[in-house]
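Participant: Give me a model of this one.
(one chain, ligands or ions: 2)
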Amino acid sequence: VGARLTRAVDASPAEWSPVPGTSGVELHSLINKPSLLTSNAFLLRTPLELIVIDPGASDEQKDKINQILMAELNDQARPVLIMLTHCHHDHSCHVGNIAPNAPIVMRLAHAVAVDAFRRQDLALTIASLYATTKICDAHFDVALFSSDARSGSLFVDVSRGTRLAADPAAPVAGAERQTLRLSTGDELEFYHTPGHSPDHLCMRLGRLLFVGDLPFASNPGLAGLAGWDATGLAQSVADMSRLIGKSDIEICHTGHGRSVPPAAMLQILARVQQECSSLGDIAEMSKPRVAMLKAHALELLDVAGDLFAVIAGRMLSTAHRLELLEEVEYAERFRAAIDADAVEDALDDLRRFCRDLRADALPELSTVLKCVQVMQRLEQALTAAGEVAGASLTGRSARLVGDFFNAVRGLRITNTVDTVDANELANNAVRTLRARPSLDVAAHLTAGGEDEFRQSLARRLAFVDVLRNAEVELVPLEGRATAMADSQRISDVLIDALELIAASGARHISIRTRRNEHQLEIELRSPDFSPRSAIDERRRRVYQRVLAIGGSSLRDIDDQAIVLQLGPIEPLPIQSATRID
Ligand SMILES: [Zn+2]
Ligand SMILES: [Zn+2]
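Facilitator: Ligands and ions are numbered 1, 2, ... in the order given. Sure, this is the predicted structure:
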């Protein structure tokens, strides 16, 4: 697994390039495909020192770094400085295994990181999310931004010409700053930028800015890690945006994935900033929560994948029919919009990832992050599909994806519980499935209405009457049939189940609404087809989760029927005391 995922280590190595804005510092980047297995690593060299920023956590990368350092040290012995943007396991795991034969090795990190390693803190280093309990236990020589350093008394003479000095008087761009003077006279600046983690640092050298994990700090699955803090993050992002905006930074090197030019980084940071304000009190990404999300994600992707296959199928057959109607150009636009191949690739990628997944190698959080990635692609495809594939189908899929993102973020899903009428829900479900979109002929006749007409034509062509072979009978509850529930999510499940049962060949389906003690129920029954075999285990669990959002549940499923239990029957209006005259 490790080999497959880290193979992307930059294939054009051995390239040292000058750091712009310095007198002779050179950079060698080791860039990986984004993953929790390891961070990127950056090596800096001058004639008198070697620097490693974030050694990472993959053996392959560690070996590569040591190989490069060995060649350099053979050439000329120099001290090696190892420093961290933050203490997370994916950045710090190999700190103690770098440059074992160097004459002098010095390690630097924020004081909070140094303390976390000393205490072997599994939470703050996020090592608890990995199958390992191995935390970096290397000795750190310098604790940046410690109380000593803040008062300006810290002074470390690393070697001839390399000096670390506290610089409390000169915060730049708002963030606390310390500088390390290199032998070349260039200053490596450390900015304290908490939020992603309390010890997070950005580093600037010449016209390079190392931003660590700051750009990913609001991502679903990463927001809420131990030590995560929305207020600190918003401040750090504002500070670094100001720094980038005001200075001559040429490129931003990130903790994961490709390096980013300053203009694009400003956009990314603006998004992080915006997301911070809506993420005030999200749930912590604890180990049990990650395990729960992983199970949730895999179930959901299965169902979302199925729904997407149906949508893509309808879109492609619609494109084909449009061609037959000589709407070739529109058909082409249509195909391009859905990009079914890209989504299929993403799903394939995920399946491979899950198949290769071994408990000892991969942190569960990476499965969640991978699912987030695939879901984001599904979401894009859904947006492209628009309502052409049927508003009900795309709406349902979009809600599944949206609920998943909320679950990952730990946000409570907007409470949509209201008074619902079970008879009406059942009725509408059937109506929705049978509603053949009408053709907007009037648009065809008005000037400029061509596109609207084509759209209505496409909607009409994409329509599939899934109930065409089934006789559906409604058996409504007499009298009051209202309960407190989330009507949208109940009808999503109802429509999905109806579709599946009908598509499995049921000829007769009855929908019954009834009262069971204080609850309302909707039952789908088919004498000639088993709902249990039409609706598999994973989908049932997804139904459970979807229904649970609004306080409803999947009460029962067997070979004849599936029963949804709605919330409690809406309380009858309180009778005013009967007055006897
Ligand atoms: Zn990271
Ligand atoms: Zn991190």
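
Participant: secondary structure element for residue 424?
Facilitator: Remark: residue 424 resides in helix 422-434, with elements defined by DSSP states H and E.

Participant: oh, I was asking about residue 396
Facilitator: Under the assignment here (DSSP H and E), residue 396 is part of helix 391-409.

Participant: Just the buried positions in that helix, please.
Facilitator: Taking 16 or more other C-beta atoms under 10 Å as the basis for neighbour counts, the residues of helix 391-409 that come out buried are 392-401, 403-404, 406-409. C-betas here are computed from N, CA, C, even on glycine.

Participant: any low-confidence regions in the stretch 401-550 of the chain?
Facilitator: Counting by pLDDT under 70, the low-confidence segments of the stretch 401-550 of the chain come to 410-415.

Participant: one step back: which element follows the helix holding residue 424 toward the C-terminus?
Facilitator: Scanning forward in sequence from helix 422-434, with DSSP H and E defining helices and strands, the next element found is helix 441-445.

Participant: for that next one, packing partners?
Facilitator: When contacts are defined as 3 or more C-beta pairs under 8 Å, 6 or more residues apart in numbering; DSSP states H and E, helix 441-445 packs onto helix 450-462.

Participant: Now for the residue of the stretch 251-400 of the chain at minimum distance from ligand 1, how many residues are close by?
Facilitator: Nearest to ligand 1, among the residues of the stretch 251-400 of the chain, is residue 255, at 4.4 Å (C-beta to the ion). A count of nearby residues for residue 255, using other C-beta atoms under 10 Å, gives 28.

Participant: Please tell me how far it sits from residue 129.
Facilitator: Here the distance between residue 255 and residue 129 works out to 16 Å (C-beta to C-beta, to the nearest Å).

Participant: Kindly report the same for residue 486.
Facilitator: Computed with C-beta to C-beta, the distance linking residue 486 and residue 129 is 32 Å.

Participant: same thing with residue 419?
Facilitator: 42 Å.

Participant: Kindly report the same for residue 238.
Facilitator: If you measure residue 238 against residue 129 using C-beta to C-beta, the figure is 28 Å.

Participant: who's more crowded, these two?
Facilitator: In this view residue 238 and residue 129 are compared by other C-beta under 10 Å, and residue 129 has more residues nearby, 25 against 17.

Participant: That one touches residue 289, doesn't it?
Facilitator: No. Counting by C-beta atoms under 8 Å, residue 129 does not reach residue 289; the two are 10.1 Å apart.

Participant: The residue of the stretch 251-400 of the chain found nearest ligand 2: what's it in contact with?
Facilitator: For the stretch 251-400 of the chain, the nearest residue to ligand 2 under the criterion C-beta to the ion is residue 255, separated by 6.2 Å. Contacts of residue 255 were listed using C-beta atoms under 8 Å, 6 or more residues apart in numbering, and they are 39-40, 54, 85, 91, 211-213, 216.

Participant: Residue 382 looks like it's in a helix, true?
Facilitator: Yes. Applying DSSP: H, G, I helix; E, B strand; the rest coil, one finds residue 382 inside a helix.

Participant: and it, how many neighbours?
Facilitator: Once other C-beta under 10 Å is used to define contacts, residue 382 is seen to have 24 neighbours.

Participant: do the same with residue 424
Facilitator: Using other C-beta under 10 Å, the number of residues around residue 424 comes to 15.

Participant: Please enumerate residues in contact with stretch 416-436?
Facilitator: Outside stretch 416-436, the residues within contact range by C-beta under 8 Å, 6+ apart are 392, 460, 463, 465-467, 472, 474, 476-477, 481-491, 494-495, 498-499, 511, 513, 520-522, 549-551, 566-567, 570.

Participant: Just the ones of those in strands?
Facilitator: Using DSSP state E, the members of the contacts of stretch 416-436 that fall in strands are 472, 474, 482-485, 511, 513, 520-522, 566-567.

Participant: Neighbour count for those residues - can I get that in JSON lines?
Facilitator: As requested, the ones in strands among the contacts of stretch 416-436 are arranged in JSON lines below (neighbours: other C-beta atoms under 10 Å):
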{"residue": "472", "neighbour count": "19"}
{"residue": "474", "neighbour count": "14"}
{"residue": "482", "neighbour count": "16"}
{"residue": "483", "neighbour count": "27"}
{"residue": "484", "neighbour count": "18"}
{"residue": "485", "neighbour count": "27"}
{"residue": "511", "neighbour count": "22"}
{"residue": "513", "neighbour count": "24"}
{"residue": "520", "neighbour count": "28"}
{"residue": "521", "neighbour count": "20"}
{"residue": "522", "neighbour count": "27"}
{"residue": "566", "neighbour count": "29"}
{"residue": "567", "neighbour count": "22"}
